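Trainee: test case, fold it:
(chains A and B)
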Amino acid sequence: MFLGRVIGEVWATRKVSDLEGHRLLVVEALDTGSGPPAPMVTPVVAADPLGAGVGEEVIVAFGKAARVACGGDGDFALEAAVVGIVDGHQLNAGESA
Amino acid sequence: MLVGTVVGNVWSTVKDPSLQGLRLLVIQPFTTGKESAEAIVAADTLGAGVGERVLVVFGRAARHCIGKGHDIGFQTAVSAIIDRMELADGRTIGPVANEDI
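Mentor: This next block holds a predicted model:
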């Protein structure tokens, strides 16, 4: 699981049937370090059953947790999903969002 | 799951018997910065071609996409061929690598 920010959305027509009706968001991990910014790397695509918007902070789960959050179980073509929309977080004294 | 661009095909004759008949693609993951990520090999049942943007899944979800049961020696698969990806910084990523807006 990780804390991330929604940076975009993906659309696909040709896809496995399990993905029908699922909104797919592009989520980038929040850089919570106090040092220099982490290099920008591969963002995760996560299914979104909650309706998060671009720019919002979200909690992303992987594996079975993600499939359960999307109403599936073992045999489901998803392995990442938004399981929470973050209202606020506090990382250390004086730094909150 | 991640978005990547199909950059090639892989053929293999000597392989685990459970991988017979799988079409294998080489995929370059999409990155938000200038750094490139390590290429990955994924099984494809949708018929994605070189240059197309695809969604890649891992693990059990990938084996489910491959459709040969869960006792196979593979863990990445293409689950969708992407039409469009819109990013918060204003970029729109098209279905094919050289058609970005």
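Trainee: next helix or strand past the helix or strand hosting B:L25?
Mentor: Using DSSP states H and E, B:L25 sits in strand B:24-29. Per DSSP H and E, the first helix or strand lying C-terminal to strand B:24-29 is strand B:40-44.
Trainee: now the angle from that next one to strand B:24-29?
Mentor: For strand B:40-44 against strand B:24-29, the angle by axes from the mean of the first three to the mean of the last three Cα atoms, to 10 degrees is 130 degrees.
Trainee: is it correct that A:A66 is in contact with A:L78?
Mentor: Yes. Shown here, A:A66 and A:L78 form a contact pair, counting by Cβ atoms under 8 Å, at 5.8 Å. Every residue, glycine included, has its C-beta placed from N, CA and C.
Trainee: so what's in contact with these two at the same time?
Mentor: By Cβ atoms under 8 Å, 6 or more residues apart in numbering or on different chains, A:A66 and A:L78 have these common neighbours: A:A47.
Trainee: of these two, who's got more company?
Mentor: Higher neighbour count among A:A66 and A:L78: A:L78, with 28 against 24, using other Cβ atoms under 10 Å in any protein chain shown.
Trainee: for the more buried one, report the pLDDT, please.
Mentor: Listed pLDDT for A:L78 reads 93.
Trainee: after the helix or strand harbouring A:A81, which helix or strand is next?
Mentor: In the assignment (DSSP H and E), A:A81 maps to strand A:80-85. Next along the chain after strand A:80-85, taking DSSP H and E as the criterion, comes strand A:90-92.
Trainee: for the chain, just list every one of the helices.
Mentor: Went with chain A since none was named. A:63-69 (DSSP state H).
Trainee: that was the other one, I meant chain B.
Mentor: B:59-66.
Trainee: which stretches of it have low pLDDT?
Mentor: Within chain B, the segments meeting pLDDT under 70 span B:98-101.
Trainee: do that again at 80, thanks
Mentor: Along chain B, segments meeting pLDDT under 80 span B:34, B:96-101.
Trainee: what is the neighbour count of the residue in chain B positioned nearest to chain A?
Mentor: Residue of chain B nearest chain A, by Cβ to the nearest Cβ: B:G33 (2.9 Å). Neighbours of B:G33 under the rule other Cβ under 10 Å: 11.
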